[in-house]
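> what would the 3D arrangement of this be:
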Amino acid sequence: MRRRVRLLLISGTALIAAPALADVVPAPDAIQQAEADSGSTGDILVTARRREEKSQDVPIAINAFGAAQIEATRTYNLRDLQQLTPSLVVTNTNPRNTSINIRGLGNNVAVYNDGLEPAVGVYLDGVYLARPGQTVFDLADLERIEVLRGPQGTLFGKNTSAGAVVVTTKSPTFDPEAGGDISFGNHDFRQLHAYASGPLTDTLAARLFVSKTDRDGFTYNRADGRYRQSYHDLGLRGQLLYKPNEAFQLRVIADYGRQHANTAGSILTGAIRSYDNGTVFANNFYDRAARLGYTPVPADIGLRTTDADANPRYRMNQHGIAATADLDVGAATLTSVTAYRAWNWYPHNDGDSTSLDAGSDFHQSNNQRQFSQELRAASNGTNRIDYVAGLYYLYQSIKAEAVNNYGTQAAGWFLPPSTDPVVGAAALNGYSIISHSRPVTNSYAAFAQTILHVTPTIDLTTGLRYTYETKRGYFDQEATGASLAGLTTAQQAAAQAIRARYGVANYYDAETKKGRLSGQATLSWKITPQVLTYATYARGNKFGGLNLANITTTGPFAANPVIQPETIDSYEVGLKTSWLGGRITANVAGFWTDDKGYQTTIVDLDRNSFSFFANAGKVRTRGFEGDLRVAPARWISLYASGTYDDARYVSYPNSPCPIEVTGQTLCDLGGSRLPGVSKWAGSAGGELKAPVGTRFGHDSEVYLGGDYSYRSNFYTTANDSRYSLIPHYDIVNLRAGVRSEDGRFDVQVWARNLTNKDYFLSLSAANTGAITGTLGDPRTYGVTLRTKL
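Below is the predicted model of the structure:
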């Protein structure tokens, strides 16, 4: 505790030392011009406290991006957004397996479970998206994106113990407008965004938006001779805004999204041939391949070649409708947000990542439905005490089907060579395991937050939220295979033992009910109109859930079907400054977070690497962040952001050992790093522009912009296997073009991953010893034409 307080005090002292340089108060028009020219976050209105405020006036660590920066940097999904936000980590090997972390906490990157929700909440127009796969959509026609770092449990609630990503789309307008963009690039990339908005009557306006994206693949699959990782996305959004007077408005949003893609499977990088103590890794990947006469693809990531015979692919669709009503009653504004959403996921995966008929079809499909209702009251204006209070309800149901079908070569591939071939073939060849599960969640919450204006420059913000949540579910598994009747009694027993490791008929149900209190206290001081400093303590909760997976609740492989909640205590100090008439904004924050009951992954190597969740003792993240925006003149704007995050297990004495360790089953990971977290991460970029006179009847300018991002190494398995350590990498993006100053047209050429860097999104070793990973996109380039009518 003493070290934590010392770190925060040192950080706070350093933060407060700078404000003397920021005391000059320029004329208001100079500030507005500098902010408009810089494109910094200082002039972006955010809703982090459920009311519109300038981000520089909010005592929360925020990265906020307006429509102009989102479009200029081609930030069209959350994975691209992390290149602008170092504290945000998004791992996406497919939409269902999307992991979102902020400051080292969020989804565990190693496994995904329908019985749990993430610790980073994603909100679309005020509606919580309960499944990670729902967040994979085209980020276009947006007003802004806010990344709120640290626990946001008081106002956002529902599992935002690590932070929140708030996405706000553009609203219908009573002034007619239309526009969009069209792009073409390598790998036959084609993208269209189009919108139209305007009045239907004096009190009713509408907005329509369409997005269509197609791209061919760039990973060669030797099994079928096709290039994989192609995708085809379609998105539609329609809105109505009813505004009969200044006191009331009703906004209704309906959206539909469809995606389908063929996936690449994993890229082979090598195989384990010996354990760390020198013992031979028997029956490793190459041993198995030789035994079955199979020639693996070369272990060369530069070739981007895989070999999967099961035609891996997925289809996904989602739709939703939301109605937000605001009524100004004078002293307060009353808000109601009512929403229904549905998400459907249908994948097909290769279970052995080879062209052998071993794991012929492994997949888990989902059909998710959710309904939410929020009621809020927020004070208007500035009072001695401002407040936000409300009630929240969420219902979620997920129907899941998991299929593991083993082919005619399954026994030869998956089982040790010492296995009796008759027993192995009878046990595993043609064996099929199909399970169904259905978790149902009901979550209820009441919350209130107040801002006491102690003096004109000092505020005390306090908030509490009580959430009561029930989660019920069942897991029902059937297994079918060849008859064992022709085997001897001993052979039958051996075959049944094999099947027990892979899955047999199994049923269990589970339930958890918990009530949890979260909250915060923030003391902020507006030292000058351009300098804000603050200190925050926050308590967050990530609710528990259910292990709805191929586990057993009895016997030697027993696991607990109920996962306990996490409790997060977060301490933060920060400083936000604006200098030289708004031409420079510089923000820094120091944080320390303790997480008790961290929900992490158990990988059971004795049962074919089946994964499930359990609670570790305690983890801790601590570090600092900095954001800088500089616009010294109209023709140049620059930015830089950086994060240092020391994220570690404090107590985890009973972790399953990594695959390279033999001779023991449990390892003590106390002091080891958390998965999915780089110790150092940063981004920087900017834009140069110069006027070129009149083009096509409009005052125009040419521009050159670039963005750079860096991440140090990080693990992608919960047990910190050295074979899951992704090396550090950096990405460079570049753009150039000509545009009219009024936004009527913009012609841009662009390149992403300009240096064609090979880097991994995931990396791990299977129980065969095969080390495989998913690669990020290679260099892509193209041209975009954007227009506004």
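> where along the stretch 251-400 of the chain do the strands fall?
267-271, 305-306, 313-328, 332-348, 359-379, 385-406 (DSSP state E, counting those that start in this stretch).
> revised request: answer the last question for the stretch 651-789 of the chain.
For the stretch 651-789 of the chain, the strands defined by DSSP E, counting those that start in this stretch cover 655-656, 666-667, 680-695, 698-711, 714-715, 725-726, 729-740, 745-752, 760-765, 770-775, 780-788.
> which residues touch the fifth one?
Going back to what we said before, that points to strand 714-715. Contact with strand 714-715 is made by 673-679, 721, 724-726, as judged by CB atoms under 8 Å, 6 or more residues apart in numbering. Every C-beta, even on glycine, is put in place using the N, C-alpha and C of the backbone.
> let's go with 10 Å and repeat that
With contacts defined as CB atoms under 10 Å, 6 or more residues apart in numbering, strand 714-715 is touched by 89, 91, 101, 104, 109-110, 645, 647, 658, 672-679, 681, 721-728, 763-764.
> now those residues: which count as buried?
The neighbour count (16 or more other CB atoms under 10 Å) marks 89, 91, 101, 104, 109-110, 645, 647, 658, 672-679, 681, 721, 723-724, 726, 763-764 as buried among the contacts of strand 714-715.
> burial of residue 198, as a residue count?
15 (other CB atoms under 10 Å).
> the residue nearest to it when sequence neighbours are not counted: neighbour count?
Once flanking residues are discounted, residue 198 sits nearest to residue 176: 3.7 Å by CB to CB, 6 or more residues apart in numbering. By other CB under 10 Å, the residues close to residue 176 number 11.
> what pLDDT does residue 176 get?
At residue 176, the pLDDT value in this model is 97.
> residue contacts, it?
196-199, 205, 789.
> go on, residue 719?
Neighbouring residues of residue 719 by CB under 10 Å, 6+ apart: 110, 600-603, 652, 655-661, 667, 669, 672, 675.
> tell me what residue 442 is bridged to.
residue 395, residue 470 (DSSP bridges).
> pretty sure it contacts residue 470?
Yes. Between residue 442 and residue 470 there is a contact at 5.0 Å, judged by CB atoms under 10 Å.
> what is in contact with those two at once?
Residues touching both residue 442 and residue 470 (CB under 10 Å, 6+ apart): residue 513.
> ok, the spatially closest residue to residue 441 that is not a sequence neighbour to residue 788 distance?
Leaving aside its sequence neighbours, residue 441 sits nearest to residue 396 (CB to CB, 6+ apart; 4.4 Å). Distance, residue 396 to residue 788, using CB to CB, to the nearest Å: 39 Å.
> neighbour count for the two, which is higher?
residue 396 (22 against 15).
> check contacts around that one.
Residue 396 sits next to 114, 117, 128, 130-131, 158, 341, 368-372, 439-443, 471 when contact means CB under 10 Å, 6+ apart.
> ok, it to residue 655 distance?
Residue 396 sits 30 Å away from residue 655, taking CB to CB as the criterion.
> helices and strands of this structure: which one bottoms out on pLDDT?
Scoring the helices and strands of the chain by mean pLDDT, DSSP states H and E places helix 28-38 at the bottom, with a mean of 37.
> on that earlier part again, would you turn the strands of the stretch 251-400 of the chain into JSON lines with mean pLDDT?
Formatted as JSON lines, the strands of the stretch 251-400 of the chain follow (pLDDT from 0 to 100):
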{"stretch": "strand 267-271", "mean pLDDT": "94"}
{"stretch": "strand 305-306", "mean pLDDT": "94"}
{"stretch": "strand 313-328", "mean pLDDT": "96"}
{"stretch": "strand 332-348", "mean pLDDT": "96"}
{"stretch": "strand 359-379", "mean pLDDT": "94"}
{"stretch": "strand 385-406", "mean pLDDT": "95"}
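> which of those sits closest to residue 695?
strand 313-328 (40.7 Å; CB to CB).
> angle of the closest one against strand 359-379?
Orientation of strand 313-328 against strand 359-379 (axes from the mean of the first three to the mean of the last three CA atoms, to 10 degrees) gives an angle of 10 degrees.
> okay, now the sheet partners of strand 313-328, with direction.
Using DSSP bridges, the strands paired with strand 313-328 are strand 248-262 (antiparallel), strand 332-348 (antiparallel).
> the shortest one: which residues count as buried?
Along strand 248-262, the positions that meet the burial threshold by neighbour count (16+ other CB under 10 Å) are 249-253, 255, 257, 259, 261-262.
> of the residues you listed, closest to residue 215?
residue 261 (9.1 Å).
> bridged to the residue nearest the centre of the chain, which residues?
Residue closest to the average C-alpha location in the chain (CA atoms, centre = their mean): residue 100, at 2.6 Å. Beta bridges link residue 100 to residue 90, judged by DSSP bridges.
> got it, and residue 510?
Applying DSSP bridges, one finds that residue 510 bridges with residue 473.
> one more: residue 536?
residue 522, residue 572.
> residues contacting it?
Each residue near residue 536 by CB under 10 Å, 6+ apart is listed here: 59-61, 150-151, 461, 520-524, 570-574, 589, 591.
> what about it, distance to residue 388?
Here the criterion is CB to CB. By it, residue 536 lies 17 Å from residue 388.
> low-confidence bits of the chain, can you list those?
Residues of the chain meeting the criterion pLDDT under 70: 1-43, 107-112, 157-159, 553-558, 602-611.
> give the residue farthest from the middle of it.
Residue farthest from the centre of the chain, counting by CA atoms, centre = their mean, is residue 488 at 51.9 Å.
> these two touch, right, that residue and residue 494?
Yes. In this structure, residue 488 is within contact of residue 494 by CB under 10 Å, at 9.3 Å.
> please enumerate the shared neighbours of these two.
Taking CB under 10 Å, 6+ apart as the criterion, residue 488 and residue 494 both touch 422-423.
> quick one: which of the strands paired with strand 313-328 is nearest residue 209?
Closest to residue 209 of the strands paired with strand 313-328 is strand 248-262 (CB to CB; 8.6 Å).
> run the chain-centre distance for that closest one.
Centre-to-centre, strand 248-262 and its host chain are 19 Å apart (CA atoms, centre = their mean, to the nearest Å).
> one more: stretch 142-159?
Here stretch 142-159 shows a centroid-to-chain-centroid distance of 13 Å under the convention CA atoms, centre = their mean.
> buried set for that stretch?
Buried positions in stretch 142-159, judged by neighbour count with 16+ other CB under 10 Å: 142, 144-159.
> narrow those to those in strands?
Members of the buried residues of stretch 142-159 lying in strands (criterion: DSSP state E): 142, 144-149.
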